[in-house]
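Asks: Sequence and predicted structure below; questions after.
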Amino acid sequence: MSQPWDYIAKIVSLGDSGCGKSSLTVRLCEGRFSPHHDVTIGVEFGSRIVPVGPPASHSLSINNPNNNKTTPPAPTSPAKQQPQKHMKLSLWDTAGQETYKSITRSYFRGASGALLVFDISRKNTFLSATSWLHDLRQIAEEGIVVVLVGNKSDLADSSITSPEANKRQVTKEEAEEWCRANGVMEYVETSAKSGEGVERAFLEVAERIYQNIEAGKYDLNDRRSGVKGPGAGGGGGNKGGVNLMNDAAKGRRGQQGWGGCC
C-alpha cells in the first residue's frame, strides 16, 4: 500500500516553560486540550499528516498567489487542479526550562521548521524569544523556517475591557514588529484551549517548507536538511495520533537527528 504522505519534515517547538508548546502539539494531533499537562522533561514527540500546496493552501489562503488572506481565490476547474500533496510533520516539543537546555538544543539539529512560542499574557516569555531564536539559528541548518506563535489568545479577548479579564501583555503590533526586526516571516496567535489558530500555525510552517522543496532548496537525501522525500521509509498511516514520549527519560533516543521519529 502506498504511503499517505509525499514528504516528512522535522518541526521543533521552542520557547519558555509554561507557554503551552505541548498543549499545541496535543491539540493539533489529538484535537483535545488538557488543562493539567505535566512539565516537559527533555523532548516529547508527536506527528500529523497535513495537506501542502494547492488546492488546500489556496482554500486556506496560505501561499495564495493573490497574497490576500481575507479573500479566497477563485475556484480552479477540476481539469486544472493538481493532485494534493501531503506532508508528515514530525513534531519535536522541547522543554523550556533552563535545566534541560543542553538536551533540547541538540534537537534543533536537522529541523527544517520551528514554532517559536510565547505566552501573550506573560511579557517576559516574549522578551525571551530573541534568545531562543539566537540559539536555534546557532544550531539548526541555515534557512530554517520559523513562525512566531503567541499562544493563549483566549486570555486576551479584545471585547473585554476589564484589565482583570483581558490579560494580554503583548500586542499583535509588537509581535509583528519583532518578526520584521528578526527576519521571522510570520506571526500567528493561537489558543490551545479553544483550538483557534493552532492548525494555521503549523500549516504556515509546513507550507513554507513545501515552497522550499518546490524551489529545490533541500537535498532530500541529506538528513541534515530536515526533510525527507517519497523514497524515505516509515510512512505510517497515523494521520491524527500523537505519541508523546519523554525522550530524556528514554535514553535521549534520536538526540542527534531523526532517531525513531519517522
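Replies: Yep, it's here.

Asks: Give me the neighbour count for residue 124.
Replies: By the measure other Cβ atoms under 10 Å, the count of residues near residue 124 is 10. For every residue, glycine as well, the C-beta is placed using N, CA and C.

Asks: now swap in the one 10 residues further on and tell me
Replies: The local packing of residue 134 (other Cβ under 10 Å) involves 11 other residues.

Asks: how much space between it and residue 208?
Replies: Separation of residue 134 from residue 208 (Cβ to Cβ, to the nearest Å): 21 Å.

Asks: quick one: low-confidence ranges for this structure?
Replies: 1, 36-42, 63-81, 96-102, 158-164, 231-262 (pLDDT under 70).

Asks: At which residues are the helices of it located?
Replies: 21-30, 56-59, 101-104, 123-127, 129-139, 172-182, 198-214 (DSSP state H).

Asks: and these, which is most packed in?
Replies: Stretch with highest mean neighbour count among those: helix 21-30 (a mean of 24; mean count of other Cβ atoms under 10 Å).

Asks: May I have that one exported as CSV, CA atoms only?
Replies: In CSV, the C-alpha atoms belonging to helix 21-30 read as follows (Å, rounded to 0.1, in the frame of the first residue of the first chain):
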residue,chain,number,x,y,z
LYS,A,21,4.0,24.1,23.5
SER,A,22,2.9,20.6,24.5
SER,A,23,-0.7,21.7,24.5
LEU,A,24,-0.4,23.0,21.0
THR,A,25,1.0,19.6,19.8
VAL,A,26,-1.7,17.7,21.6
ARG,A,27,-4.4,20.0,20.2
LEU,A,28,-3.1,19.6,16.6
CYS,A,29,-2.6,15.8,16.8
GLU,A,30,-5.5,14.7,19.0
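
Asks: That one to helix 198-214, inter-axis angle?
Replies: 80 degrees (axes from the mean of the first three to the mean of the last three Cα atoms, to 10 degrees).

Asks: Could you export the helices of the chain as CSV, including distance to residue 3?
Replies: Shown next, in CSV, are the helices of the chain (distance: least, Cβ to Cβ, whole Å):
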stretch, distance to residue 3
helix 21-30, 18
helix 56-59, 18
helix 101-104, 30
helix 123-127, 38
helix 129-139, 29
helix 172-182, 35
helix 198-214, 16
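
Asks: To residue 112, which of those helices lies closest?
Replies: Nearest of these to residue 112, taken as Cβ to Cβ: helix 198-214 at 5.2 Å.

Asks: Just the residues contacting that closest one, thanks.
Replies: Contact partners of helix 198-214, identified using Cβ atoms under 8 Å, 6 or more residues apart in numbering, comprise 7, 9, 11, 24, 27-28, 48, 50, 52-53, 57, 60, 62-63, 85, 87, 89, 91, 112-115, 143, 145, 147, 149, 185-186, 188, 190-192, 218, 220, 227.
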